[in-house]
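Chemist: predicted coordinates and the sequence they were generated for:
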Amino acid sequence: MKALVTALALLPSLVYAQEHSDKEFVGKVSNLRIAKSGSVLLGVKQGEEDEPISCREGDWPIGFELGDTYANNWLDFLMLARNTNQTVRLGYTPANGELCELQYVAAMQGDGFGGIGDEGDKLVETGALGNVALIGSNGLTETSFKASGHYSSDVAAAAFDGYTFNEQINDDAGERINRGLWLIKRDADTPNWLQVDFGQKVKIAGLRVVLNQKSTDLGRGPRDITLQVSNDGDSFADHESFRLSRIADQTGSLESAVSARYFRLKVHNNYGDATFIEIDELELFQKQ
């Protein structure tokens, strides 16, 4: 998989630390806690050779408040960094023995994925993260994608076209398929699922689920999901189950990579919308 590379430094910029007395932590996010009040607390992974952070001890030494646009962007960025095990730079105001206030976040050169996988992985990787399930790549056509159903023209293949409802998220994408999303009416008595058939046995180690922000706010996004696999398209076995966060874009690694021909994402519920379940884009990755 292509390494995750993010050149963007979210506000405030890195110059802030140079002009003020703030410090910077370079490492990986271990924990995220979001309180009802809108406070976000961060835990970080510190090695024995790392300079200790000048904050309170414990699992949650750094924090910030949601509400401003940049803070909401920080949360999305940190969720992605945590899920992909990406090294980040966190600027913070020192507060020995107290909670430190976050001042900026930035990405290092991509290191979150890679190193787990086979040298023989030969699928074409697309986009910034190395998606192998983009329609038009790896022999995938509209007939390669199926679902338990769909609403109007929001067919299964539209969740693999490289677009969300309002933007292109994969630079290698071709034409948008209809509205660029898969939408299905909720049915508590019928399993809801979205599936890709690679036509051959392939190894998958990670996935990404993307919505547009409006649908996320409406609660249409998947909450509890199970990745199922099959080699014949008839008998599916559960591989791993997850609880997704209520954010528009999230990426995660499987605890163990799995080889199969068919990959099915079973959606057990959503985040509250009474009518629809929606996935704008589903990406799959060879390596973690």
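Modeler: That came in fine, so what should we check first?
Chemist: so where's the protein uncertain?
Modeler: Across the chain, the ranges flagged by pLDDT under 70 are 1-20, 49, 83-85, 107-121, 288.
Chemist: can you give me the helices for it?
Modeler: Listed in chain order, the helices of the chain (DSSP state H) span 15-19, 69-84, 213-218.
Chemist: need those helices in JSON lines with distance to Glu167 and mean neighbour count, can you?
Modeler: (Glycine included, C-beta is placed from N, CA and C.) Formatted as JSON lines, the helices of the chain follow (distance: least, C-beta to C-beta, whole Å; neighbours: other C-beta atoms under 10 Å):
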{"stretch": "helix 15-19", "distance to Glu167": "29", "mean neighbour count": "12"}
{"stretch": "helix 69-84", "distance to Glu167": "14", "mean neighbour count": "18"}
{"stretch": "helix 213-218", "distance to Glu167": "10", "mean neighbour count": "17"}
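Chemist: for Ser245, find the nearest of the ones you listed.
Modeler: Closest to Ser245 of those, according to C-beta to C-beta: helix 69-84, at 6.1 Å.
Chemist: ok, back up a step: switch the helices of the chain over to JSON lines; also include distance to Ile225.
Modeler: Below are the helices of the chain laid out as JSON lines (distance: least, C-beta to C-beta, whole Å):
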{"stretch": "helix 15-19", "distance to Ile225": "38"}
{"stretch": "helix 69-84", "distance to Ile225": "14"}
{"stretch": "helix 213-218", "distance to Ile225": "15"}
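Chemist: so for Val105, which of those sits nearest?
Modeler: helix 69-84 (5.4 Å).
Chemist: any idea how far that closest one is from the chain center?
Modeler: Relative to the centre of its chain, helix 69-84 is centred 10 Å away, using C-alpha atoms, centre = their mean, to the nearest Å.
Chemist: and stretch 252-271, by the same measure?
Modeler: Worked out by C-alpha atoms, centre = their mean, stretch 252-271 lies 13 Å from the chain centre.
Chemist: for that stretch, buried residues please.
Modeler: 252-254, 257-258, 260-268, 270-271 (16 or more other C-beta atoms under 10 Å).
Chemist: most widely separated two among the residues you listed?
Modeler: Checking these with C-beta to C-beta, the most distant pair is Arg261 and Tyr271, at 30.9 Å.
Chemist: in the stretch 101-250 of the chain, which spans are strands?
Modeler: 145-147, 182-185, 192-210, 224-230, 237-243, 249-267 (DSSP state E, counting those that start in this stretch).
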